[in-house]
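In: next comes the sequence, and after it the predicted model I'd like to discuss.
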Amino acid sequence: MAALRRLITQNPNHSSLIPSTLLISRRGIASKLFVGGISFHTTEKGLLDAFSQYGQVMEAKIITDRVSDKSKGFGFVTYASEDEAEKAIAQMNGKDLNGRVIFVDYAKPTTRLVGGMPIARGPPDPIAKN
């Protein structure tokens, strides 16, 4: 973190070196919200418009199925500050968006498996008998 801080303070042209979203997330300022119960007809622009009235939205993403490219019915909204995120949770949780009641909460950190899927490697170990 100190190296990142040094790079920013020594180079006034830091914006070209490091994306702003990385800087915000590294500082712990940005707050990512989980939005569930989204209508399958809601677009990312619609999600952005609905949540932007509560603060500066850095990103609005609707999760889609890899094969069919259709919405899975949930998404994420990232705010520039935690205060804006709290305000959005208070105002949008349980509200109607495009005919569906949505629920909004802080997103949980992802836990990734290596390669995305567990791999079976041969038969199970024999059970030890006492």
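Out: Cool, the structure landed.

In: would you map the helices across the protein?
Out: For the chain, applying DSSP state H gives helices covering 2-10, 20-27, 44-52, 82-92.

In: tell me who's in contact with residue 64.
Out: Listed by CB atoms under 8 Å, 6 or more residues apart in numbering, the contact set of residue 64 reads 70, 71, 72. (Each C-beta comes from the backbone N, C-alpha and C, glycine too.)

In: can you tell me which of the residues you listed are in strands?
Out: Members of those lying in strands (criterion: DSSP state E): 71, 72.

In: comparing the helices of the chain by mean pLDDT, which bottoms out?
Out: When these are compared on mean pLDDT, helix 20-27 scores lowest, with a mean of 44.

In: so which of the contacts of residue 64 comes closest to residue 46?
Out: For the contacts of residue 64, the closest approach to residue 46 (CB to CB) belongs to residue 71, at 11.1 Å.

In: that closest one and residue 107, how far apart?
Out: 17 Å (CB to CB, to the nearest Å).

In: more neighbours, the two?
Out: residue 71 (18 against 15; other CB atoms under 10 Å).

In: contacting residues around the residue nearest to that one when sequence neighbours are not counted?
Out: Spatial nearest neighbour of residue 71, excluding adjacent residues (CB to CB, 6 or more residues apart in numbering): residue 40 at 4.8 Å. Counting by CB under 8 Å, 6+ apart, residue 40 touches 70, 71, 73.

In: and the first one, what does it touch?
Out: This means residue 70. Here residue 70 is in contact with 40, 64 (CB under 8 Å, 6+ apart).

In: tell me the phi and psi of it?
Out: Backbone geometry at residue 70, expressed as degrees, to the nearest 10, gives phi -100, psi 150.

In: wait, residue 76 sits on residue 35?
Out: Yes - counting by CB atoms under 8 Å, residue 35 is a contact partner of residue 76 at 6.8 Å.

In: higher neighbour count, those two?
Out: Neighbours per residue, other CB under 10 Å: of residue 76 and residue 35, the larger number sits with residue 35, 28 against 15.
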